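Colleague: sequence? don't have it. structure:
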């Protein structure tokens, strides 16, 4: 799917590498699963990106951030999106479209990183809050991918245990 | 909330009156609840619009439709949104952000109108499919509001019954 | 996973064969995708059952139906579950835990069959409504599996088209 | 609604007072909103309990915990529920049926308390993990109510600010 390549390119343009996302997955699951490597986490991030709806969310979310940044939409809506107020809610809704696909652990993981903002999520959130760029949707999308990759890792480890 | 007025104005600009939405609510609940009037349905639609996240969904969804229509975003993403393919999924995800607030009946009602496309939903969907305008998000938002108003009506009627 | 075998056995004990579920999937997707066979639909149903959370939902939902049927829980809660009132909501919530895993088409498909009650869903629903057995959770679980299998089919067909 | 009284009684029987839940709400919102009192938080918890589906979730979740505790269902399903493994997932699914009604902040709040287990959630979780009682559903339900009350508080404060 060539849209997948475009989604990864857009993430990079906005300052996010897949390894940055894998680092958050590692932090999330490291305490539960011993001996997890960053490479395994990156592998899971890549598997999350295999889902069509995940790619669509990345492309749509970044598109909204960009039109708000360039002020291509009506001022009131632009202000609403750029303020990144916790009550806006649309950024979390799109992100939940990702985590839903990976079960309830993905969802609770997402709630956790959404509050704690580890690694690249904190960096992106600060850039947005300082109005350098508009990252209202981006930080939630990163959090949702990292949280989903962590959930997939937990399910895979359990599958291996059950098969033994 | 002045954003509420803006949301109603944007709906009208895109060809949708609140009474059109109330008509779908009437069709949805008419068969279960006897003697429901169009005025009661309109009242429920207005109550759905009292929720902050519903207003944000209307404003955000129509903003995406408009930037896609005017081709203000990258061609690939623009094409993705305008095609309104059933596998795109983002339009349903935003709409579910509305129905979730009104419980599980809202959600099953939404699934139903999303397939059947009664009244204004069908009209808007056809305009979009014929590429006259881009209504990828609009039809799902209308469906979600009508479905949520129907759910609220069902809950209210039950409250009255229990209180007797 | 041996719990998978148990889930299939429990479905059969309650009167539901996987081929009955596949028939609903066929009815749902037949009109969109030409030349779909019942075997392909059954294959998709089996893939839906590969997810751990789907198995857990079947086992949990049927367990609740059974304790309500045998009146092993407090009368008020038992009555609440056995009445199968549309406002109860818990049956749809559990079912949505299944459809969420398969994206937004699964969800709108579910809303549709929840209203139309085709094939085995209608049969099970009637048995429940006539208080022969308690099937409050079962009919929604069947609907969710059939709807998810239909969504998976749609995604797979698109993958093949894109790969050509 | 008399089911509401029953739900509060069941919570108390299982060791949970509404003030315990309000304490978690206070902890969740205290850092964002200055001068919030425990009474305001308790008031919000009571408003969350005004929703029919919240009452149904409490009654259903505790009923499942009790039948698992008393071993009234098949051994495999009983073991599955009592193990309270993170991959079971049904407890979070039911809890999300509550948070969904209160918007996306409720949901991220829930993810956070589900990991941190503050106050009564931690106490209930430990009792369950030590197999003194089965609290697989209870801890998530408490977390969801506290998280939803916090979300409602945030929305109310914003409404007041906007009205000034």
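Modeller: Everything's here; your move. It should be emphasised that the depicted structure is a prediction, and the values quoted were computed from it without experimental measurement. Numbers count the residues shown, from 1 in each chain, chains lettered A, B, ... in the order given.

Colleague: So the residue of chain A found nearest chain D, which state does it fall into?
Modeller: Chain D sits closest to residue A:111 of chain A, with a gap of 1.3 Å, by C-beta to the nearest C-beta. For glycine as for every other residue, the C-beta is placed from the backbone atoms N, C-alpha and C. Recorded secondary structure, residue A:111: helix (DSSP: H, G, I helix; E, B strand; the rest coil).

Colleague: what number of residues lie near it?
Modeller: 29 (other C-beta atoms under 10 Å in any protein chain shown).

Colleague: so who does it touch?
Modeller: D:107, D:108, D:109, D:110, D:111, D:112, D:114, D:115 (C-beta atoms under 8 Å, 6 or more residues apart in numbering or on different chains).

Colleague: Quick check: the gap between it and residue A:47.
Modeller: 22 Å (C-beta to C-beta, to the nearest Å).

Colleague: confidence score at residue A:25?
Modeller: Looking at residue A:25, its pLDDT is 97.

Colleague: where does the residue of chain A closest to chain D land on pLDDT?
Modeller: For residue A:111, pLDDT reads 92.

Colleague: Apart from its neighbours in sequence, what residue is nearest it?
Modeller: Spatial nearest neighbour of residue A:111, excluding adjacent residues (C-beta to C-beta, 6 or more residues apart in numbering or on different chains): residue D:111 at 1.3 Å.

Colleague: for residue A:30, same thing?
Modeller: residue A:36 is the one closest to residue A:30 (C-beta to C-beta, 6+ apart), at 5.8 Å.

Colleague: That neighbour: helix or strand, and which one exactly?
Modeller: Using DSSP states H and E, residue A:36 is not contained in any helix or strand.

Colleague: Go ahead and confirm it touches residue A:26.
Modeller: Yes - using C-beta atoms under 8 Å, residue A:36 is in contact with residue A:26, at 6.4 Å.

Colleague: Tell me which of these two has more neighbours.
Modeller: residue A:26 (24 against 19).

Colleague: picking that back up, quick check: the gap between the residue nearest to residue A:30 and residue A:23.
Modeller: 12 Å.

Colleague: Chain D contacts on chain A?
Modeller: Within chain A, the positions adjacent to chain D are A:32, A:86-87, A:89, A:92-93, A:96, A:103-105, A:107-112, A:114-115, A:154-155, A:158 by C-beta under 8 Å from any C-beta of the partner chain.

Colleague: Now do stretch A:149-163, average pLDDT.
Modeller: When pLDDT is averaged along stretch A:149-163, the result is 87.

Colleague: how about low-confidence regions in chain A?
Modeller: A:1 (pLDDT under 70).

Colleague: what's the distance between the residue most central in space within chain A and chain C?
Modeller: Centroid-nearest residue in chain A, with C-alpha atoms, centre = their mean: residue A:142, separated by 1.8 Å. From residue A:142 over to chain C the distance is 20 Å, taken as C-beta to the nearest C-beta, to the nearest Å.

Colleague: tell me the SS of that residue?
Modeller: Per three-state DSSP, residue A:142 ends up helix.

Colleague: Which neighbouring elements make contact with the helix or strand harbouring residue A:139?
Modeller: Using DSSP H and E, residue A:139 falls within helix A:138-163. The elements that helix A:138-163 packs onto, with contact taken as 3 or more C-beta pairs under 8 Å, 6 or more residues apart in numbering or on different chains; DSSP states H and E, are helix A:18-30, helix A:38-48, helix A:52-69, helix A:90-99, helix A:104-116, helix A:119-129.

Colleague: Next, the angle from the first one to helix D:104-116.
Modeller: In other words, helix A:18-30. Computed by axes from the mean of the first three to the mean of the last three C-alpha atoms, to 10 degrees, the angle separating helix A:18-30 from helix D:104-116 equals 50 degrees.

Colleague: just checking, what packs against helix A:18-30?
Modeller: Counting contacts by 3+ C-beta pairs under 8 Å, 6+ apart, helix A:18-30 packs against helix A:38-48, helix A:104-116, helix A:119-129, helix A:138-163.

Colleague: what do you get for the last one?
Modeller: Packed against helix A:119-129, as judged by 3+ C-beta pairs under 8 Å, 6+ apart, are the following elements: helix A:18-30, helix A:138-163.

Colleague: And the first one, what's buried?
Modeller: In other words, helix A:18-30. By neighbour count on 16 or more other C-beta atoms under 10 Å in any protein chain shown, the buried set for helix A:18-30 is A:18, A:20, A:21, A:22, A:23, A:24, A:25, A:26, A:27, A:28, A:29.

Colleague: Report the contact partners of the residue in chain A positioned nearest to chain C.
Modeller: Nearest residue of chain A to chain C (C-beta to the nearest C-beta) works out as residue A:100 at 4.0 Å. By C-beta under 8 Å, 6+ apart, the contact list for residue A:100 reads A:106, A:107, C:100, C:101.

Colleague: Quickly note the distance from residue A:127 to residue A:118.
Modeller: Taken as C-beta to C-beta, the span from residue A:127 to residue A:118 is 16 Å.

Colleague: and if you look at residue A:97?
Modeller: For residue A:97, the distance to residue A:118 - C-beta to C-beta - is 22 Å.

Colleague: neighbour-wise, which of these two wins?
Modeller: Neighbour totals were compared for residue A:97 and residue A:118, and residue A:97 leads with 27 against 15 (other C-beta under 10 Å).

Colleague: Need phi/psi at residue A:133.
Modeller: When read as degrees, to the nearest 10, the backbone of residue A:133 gives phi -140, psi 170.

Colleague: The residue nearest to it when sequence neighbours are not counted: neighbour count?
Modeller: Nearest residue to residue A:133, sequence neighbours excluded (C-beta to C-beta, 6+ apart): residue A:127, at 5.4 Å. A count of nearby residues for residue A:127, using other C-beta under 10 Å, gives 17.

Colleague: residues touching residue A:127, list them.
Modeller: A:15, A:133, A:135.

Colleague: Of those residues, select the buried ones using a PyMOL command.
Modeller: To isolate the buried ones among the contacts of residue A:127 in PyMOL, judged by 16+ other C-beta under 10 Å, type:
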select buried, chain A and resi 133+135
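
Colleague: now the contacts of residue A:127 in TSV, with distance to residue B:56?
Modeller: Below are these laid out as TSV (distance: C-beta to C-beta, whole Å):
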residue	distance to residue B:56
A:15	26
A:133	21
A:135	18
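
Colleague: which one among the contacts of residue A:127 gets closest to residue C:6?
Modeller: Closest approach to residue C:6 among the contacts of residue A:127 (C-beta to C-beta): residue A:135, at 46.6 Å.

Colleague: so the closest one makes contact with residue A:16?
Modeller: No - under the criterion of C-beta under 8 Å, residue A:135 makes no contact with residue A:16, lying 9.4 Å away.

Colleague: Overlap of the contact sets of these two?
Modeller: Taking C-beta under 8 Å, 6+ apart as the criterion, residue A:135 and residue A:16 both touch residue A:124.

Colleague: Now that residue A:154 has come up, it's in contact with residue D:89, right?
Modeller: No - with contacts counted by C-beta under 8 Å, residue A:154 stays clear of residue D:89, the gap being 10.9 Å.

Colleague: Between these two, which contacts overlap?
Modeller: By C-beta under 8 Å, 6+ apart, the residues touching both residue A:154 and residue D:89 are residue A:105.

Colleague: got JSON lines for the helices and strands packed on helix A:119-129, with distance to residue B:5 too?
Modeller: Listed next are those as JSON lines, based on distance: least, C-beta to C-beta, whole Å:
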{"stretch": "helix A:18-30", "distance to residue B:5": "40"}
{"stretch": "helix A:138-163", "distance to residue B:5": "28"}
